[in-house]
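Asker: Okay, predicted coordinates and the sequence, questions at the end:
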Amino acid sequence: MVTLNDARQVFETEHTRPLAVGDCVVVDAGPPDQVQSRRSSCGEDPSYTVGALATSTGECPSAEYQHFPGPAADRATASLCLVPNLVADHCYRLGMPVGVVERAECTERSASNGVLVQITQRLDVRDRQACPSSAGQYAWPYPSPARTYCTATVF
C-alpha cells in the first residue's frame, strides 16, 4: 500500500530532478527578453519535448532544435534542445524572444510582436519534403523525437 508520504516523496523526486531527454517543458518569456522553462505535461498547448541536451559549449546536435542560449535564458533552459508540442489546426504566435511560441486565435490580426502561423499538419517523422511548398507554407522538421510540422503563415 502506498502511503501519502510515499506519494509525496515520489512527486518531489520527479519534480526536482534535472530535466532529461523526453521530459516536457513550457517556456515562459519575461521582461526584458528573458526565458525560463518549467516542467509540464506533454499535453499542455504549447509545450516542448526535450529532444537533446546542449554540449558543454552550449550547442545542440542539430540547428533544427529550438534553443534558447544564455544570457537570454536561465541556466537550465539554456541547456535544452527542444522540439515544440503543437496541435494541428491550432494557431500560434511566434514572438520574442525568437523561438517562443504562444497559442493564438487563428482570426487574430493583431500587429503585435511576431508572426501568426497555423499548424496544418503534425507528422511523427522528420521529412522536410512532406509539406506543400507553396508560398507562405513551410516545413519545420525536428530530428528527435522525429517530428515535422507543416505550417501556413496567417498574418
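Answerer: Looks like it arrived, so ask away.
Asker: and A76, helix, strand or coil?
Answerer: Recorded secondary structure, A76: helix (DSSP: H, G, I helix; E, B strand; the rest coil).
Asker: Report the contact partners of it.
Answerer: By CB atoms under 8 Å, 6 or more residues apart in numbering, the residues touching A76 are 18-19, 36-37. Quick note: C-beta positions are derived from backbone N, CA and C, even for glycine.
Asker: rerun that using 7 Å as the cut-off
Answerer: Contacts for A76 (CB atoms under 7 Å, 6 or more residues apart in numbering) come out as 19, 37.
Asker: What's the separation between it and F68?
Answerer: Counting by CB to CB, to the nearest Å, the gap from A76 to F68 is 10 Å.
Asker: pLDDT below threshold where in the chain?
Answerer: Within the chain, the ranges that satisfy pLDDT under 70 run 1-16, 31-32, 96-98, 110-113.
Asker: Which parts of the chain are helices?
Answerer: 4-16, 75-78 (DSSP state H).
Asker: Counting neighbours, what do you get for S79?
Answerer: 23 (other CB atoms under 10 Å).
Asker: Could you do T77 as well?
Answerer: Counted with other CB under 10 Å, residues neighbouring T77 total 22.
Asker: Make residue 1 into 52 and carry on from there
Answerer: Will do, 52 is the new start, and the previous item becomes T128.
Asker: Fine, thanks again, bye for now.
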